[in-house]
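Novice: Below is the sequence, then the predicted model.
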Amino acid sequence: MTIHNYWWLLIWAFLFGGICFAFIPKQEEYVLGKREVRWNWLPALILITPYVLWAAGRSNFGDSEVYRSRFFNVPSGISQIWVYTRNASKDKGFALLEVLFKTLISHSDVAFFSLVAAIQLLCLAHIYRKYSRNYWLSMFLFVASTDYLSWMHNGMRQFLAVALIFAALPLLVKKRYVPMVLVVVIASQIHLTALIFLPFIFIVNGRAWNIRTLGFIVALILSILFLDRVTGFMTNAMEDTAYEGNIDLLVHDDGTNIFRVLFYSVPAIMTWIFRPYIDKADEPLINVCSNLSIVAAGFYVLSFFTSGLIVGRIPIYFSLANYILIPWLITEIFDSGSAVLMDVGFVGVYTVFFYIQGQHWKIL
């Protein structure tokens, strides 16, 4: 199902969200030891279904045709699985997924895109339904921020790795470091950039704006001040790897647009402004999400000074936590009447951002 009018991405969220708020009751369940009100799984799945279908049927958006051509060139046959995977130059896990799917399930590129999109959105739906104070708002922010288009219609291989790591958020919050590391290592077989998450498994735990997070900010500032030396180090590190030569983009790329940097930094700024509320609540989930948000903003700032194509791909590993953090801040800080106004305000601002990005991409 190919989407031609991209406004349907938001129209569907408004239509079905309105039906759910008006007619479909929520349920109570325990979340990290607290009794919370959450969406039922059935409406949660219905909400994401069109987004799976639209991602599956996409065409001529971003690198979709590259992935489609790649899938058509994947061999099929049991005897080809080992050979194709072994000869893959990088990200062998994704190559294995392609050849297994084509050999055992279907030769349809739409079917393969459907599988990948379903895995990605199920990972997000699982975490947002369980841990967000407002599942609908979390999913809306994901779509309206254009993360949905930027990644599920474009960088789907990396976003598959991102989604798998995000699905393991409970492991991170509960400080189950060994299985969390294993998840990251597995995700790195799908996209090598997942390894960037490894040190942050230990950095983001603890209170918001803890000493380790502040240390990351100091390291970030030093990286910007001594950018030439950092670039030289990364050039040497990438020698004889699948990503050799990509480092040139750090020099020739103009960097991430400042407007986008500021937009994605708002949740991190909010954690600083409302830090007393976060400290008072001292919820491990919100502490982790706050620190993930800070890391995402930091990498966006670094991408402004370096490369939107290389460094600008890193924040997505951390920024999905923003869509848990924003609903929590709204409901925790404001009374019910003010919270509704804040919800409307965020929906309005993100809708405007969606329109601006659509104009930039010439799809709206």
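Specialist: Done, it's in. Numbers count the residues shown, from 1 in each chain.

Novice: for this protein, what's the longest helix?
Specialist: helix 336-361 (DSSP state H).

Novice: Now that one: buried residues?
Specialist: A339, M342, D343, F346, V347, Y350, F353, F354, Q357, G358 (16 or more other CB atoms under 10 Å). In short, each C-beta sits where N, CA and C put it, glycine included.

Novice: Name the nearest residue to the last one, ignoring sequence neighbours.
Specialist: Leaving aside its sequence neighbours, G358 sits nearest to L364 (CB to CB, 6 or more residues apart in numbering; 2.9 Å).

Novice: how does the chain divide up, domain by domain?
Specialist: The chain breaks down by automatic domain parsing into domains covering 1-191, 199-333.

Novice: Mean pLDDT lowest where, among the ones you listed?
Specialist: When the domains of the chain are ranked by mean pLDDT, domain 199-333 comes last with a mean of 84.

Novice: Quick one: the strands in this protein, in order.
Specialist: Per DSSP state E, the chain carries strands over the ranges 27-31, 34-38.

Novice: nearest to V66, of these?
Specialist: Proximity to V66 (CB to CB) singles out strand 34-38 among those, at 38.3 Å.

Novice: Pairing partners for that closest one, with directions?
Specialist: According to DSSP bridges, strand 34-38 forms sheet pairs with strand 27-31 (antiparallel).

Novice: Would you mark the buried spots in the strand it pairs with?
Specialist: Under the neighbour-count criterion of 16+ other CB under 10 Å, strand 27-31 has V31 buried.

Novice: chain center to that strand, what's the gap?
Specialist: Distance of strand 27-31 from the chain centroid (CA atoms, centre = their mean, to the nearest Å) equals 25 Å.

Novice: quick revisit: from F263, how far out is the residue nearest to G358?
Specialist: As judged by CB to CB, to the nearest Å, L364 and F263 stand 17 Å apart.

Novice: Which of these two has more residues huddled nearby?
Specialist: The neighbour count for L364 versus F263, taken as other CB atoms under 10 Å, is higher for F263 (17 against 13).

Novice: Can you read off the pLDDT for the closest residue in space to the more buried one that isn't next to it in sequence?
Specialist: With sequence-adjacent residues excluded and distances taken as CB to CB, 6+ apart, F263 is closest to F353, at 6.1 Å. Confidence at F353, expressed as pLDDT, is 97.

Novice: Correct me if wrong: F353 contacts L149.
Specialist: No: F353 is beyond contact range of L149, at 12.0 Å (criterion: CB atoms under 8 Å).

Novice: What is the neighbour count of V185?
Specialist: Residues near V185, counting by other CB under 10 Å, number 12.

Novice: ok, now which ones touch it?
Specialist: Going by CB atoms under 8 Å, 6 or more residues apart in numbering, V185 touches L195.

Novice: quick one: it from A194, how far?
Specialist: Distance, V185 to A194, by CB to CB: 8 Å.

Novice: How about L32?
Specialist: Counting by CB to CB, the gap between L32 and A194 amounts to 25 Å.

Novice: ranges for the helices of the stretch 201-350 of the chain?
Specialist: 211-225, 227-238, 249-252, 258-273, 275-281, 284-305, 316-319, 322-333, 336-361 (DSSP state H, counting those that start in this stretch).

Novice: so what's L325 closest to, chain neighbours aside?
Specialist: In space, and not counting its chain neighbours, L325 is closest to C289: 4.4 Å by CB to CB, 6+ apart.

Novice: Hmm, that neighbour is touching P327, no?
Specialist: No: contact status for C289 versus P327: not in contact, 10.5 Å apart, counting by CB under 8 Å.

Novice: Which one's more surrounded, these two?
Specialist: C289 (31 against 23).

Novice: In contact with the more buried one, which residues?
Specialist: Residues near C289 by CB under 8 Å, 6+ apart: A321, N322, I324, L325, W328.

Novice: Would you reformat the residues you listed as CSV and include distance to V74?
Specialist: Converted to CSV, the contacts of C289 look like this (distance: CB to CB, whole Å):
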residue, distance to V74
A321, 34
N322, 35
I324, 36
L325, 39
W328, 42
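
Novice: closest to V301 among those residues?
Specialist: N322 (15.2 Å).

Novice: any idea how far R260 lies from H360?
Specialist: Separation of R260 from H360 (CB to CB): 10 Å.

Novice: What of W82?
Specialist: 44 Å.

Novice: likewise D343?
Specialist: To H360, D343 is 26 Å away according to CB to CB.

Novice: Next: L285.
Specialist: L285 sits 34 Å away from H360, going by CB to CB.

Novice: now do S145
Specialist: S145 is 14 Å from H360, by CB to CB.

Novice: what's near enough to touch R157?
Specialist: Y67, D91, F94, I190, H191.

Novice: which one of those residues is nearest G155?
Specialist: Ranked by distance to G155 (CB to CB), the contacts of R157 are led by H191 at 8.6 Å.

Novice: what about the closest one, how many neighbours?
Specialist: With neighbours defined by other CB under 10 Å, the count for H191 comes to 23.

Novice: Quick check: it touching A163?
Specialist: No: using CB under 8 Å, H191 is not in contact with A163; the gap is 10.8 Å.

Novice: Please consider this matter closed, and thank you.
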